[in-house]
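In: Build me a structure from this.
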Amino acid sequence: MPRHLLCVLFVLLVGCAREASVDQKFVDLFVELRVIDMTYGKDSPMGRLVRQDALKAAGYTREKFLAKTDDILNDERQWVPFQKAVNARLDSLLAPPPETAVNADTSAAKKPPVNVSPSRKVMPQMPAHKGGVR
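Out: Numbers count the residues shown, from 1 in each chain. Predicted coordinates:
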């Protein structure tokens, strides 16, 4: 009997320690609002209008958004996966677009070779004071 109780407790602990699932639409909205804040500033009228449009498009009011954000911040099981999802979303926005092998081959073929000619001709064997540099 004690073994069964220990197994049940172990399963419950492992199950409770699991990270909560993340609402990707909310993550996208969170990142979008942060980008809007960085672009327009927190106090600009245009930024306020753009934020309101983003919230409305996602189906949130300002109060509902702040309440959900507070819920996430106050629950470690939600906060850690949420923060990981936000970081992943930011990384995807900041990463350069992947270049395919076909595009890489054609872009290299289109660029003319760079010819660098020195402004002065250097004679390799002669020291500069004997005319090596002209």
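In: Other residues contacting the strand or helix carrying Leu49?
Out: Under the criterion of DSSP states H and E, Leu49 resides in helix 45-58. Here helix 45-58 makes contact (CB atoms under 8 Å, 6 or more residues apart in numbering) with 25-26, 28-29, 32-33, 36-37, 39-41, 61-62, 65. Glycine gets a C-beta too; all of them are placed from N, C-alpha and C.
In: so who does Lys25 touch?
Out: By CB under 8 Å, 6+ apart, the residues touching Lys25 are Ala58.
In: Could you list the low-pLDDT ranges of the protein?
Out: For the chain, the stretches with pLDDT under 70 are 1-19, 99-134.
In: How about the helix holding Leu49, which residues are buried there?
Out: 47, 50-51, 54-55, 58 (16 or more other CB atoms under 10 Å).
In: elements contacting the helix of greatest length in the chain?
Out: Identified as the longest helix of the chain according to DSSP state H is helix 76-94. For helix 76-94, the contact count by 3 or more CB pairs under 8 Å, 6 or more residues apart in numbering; DSSP states H and E identifies helix 24-40, helix 62-73 as packing neighbours.
In: CA atoms only for that helix - export them in CSV, please.
Out: Extracted C-alpha coordinates of helix 76-94, given in CSV (Å, rounded to 0.1, in the frame of the first residue of the first chain):
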residue,chain,number,x,y,z
GLU,A,76,5.0,30.8,-12.2
ARG,A,77,3.6,27.8,-14.0
GLN,A,78,2.2,30.2,-16.7
TRP,A,79,5.0,32.8,-16.6
VAL,A,80,7.9,30.6,-17.6
PRO,A,81,6.4,29.1,-20.7
PHE,A,82,4.9,32.5,-21.6
GLN,A,83,8.3,34.2,-21.4
LYS,A,84,9.8,31.4,-23.5
ALA,A,85,7.1,31.8,-26.1
VAL,A,86,7.6,35.6,-26.1
ASN,A,87,11.4,35.2,-26.6
ALA,A,88,10.8,32.7,-29.4
ARG,A,89,8.4,35.1,-31.1
LEU,A,90,10.9,38.0,-30.8
ASP,A,91,13.7,35.8,-32.2
SER,A,92,11.5,34.9,-35.2
LEU,A,93,10.9,38.6,-35.9
LEU,A,94,14.6,39.5,-35.5
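In: Right, I'll leave it there.
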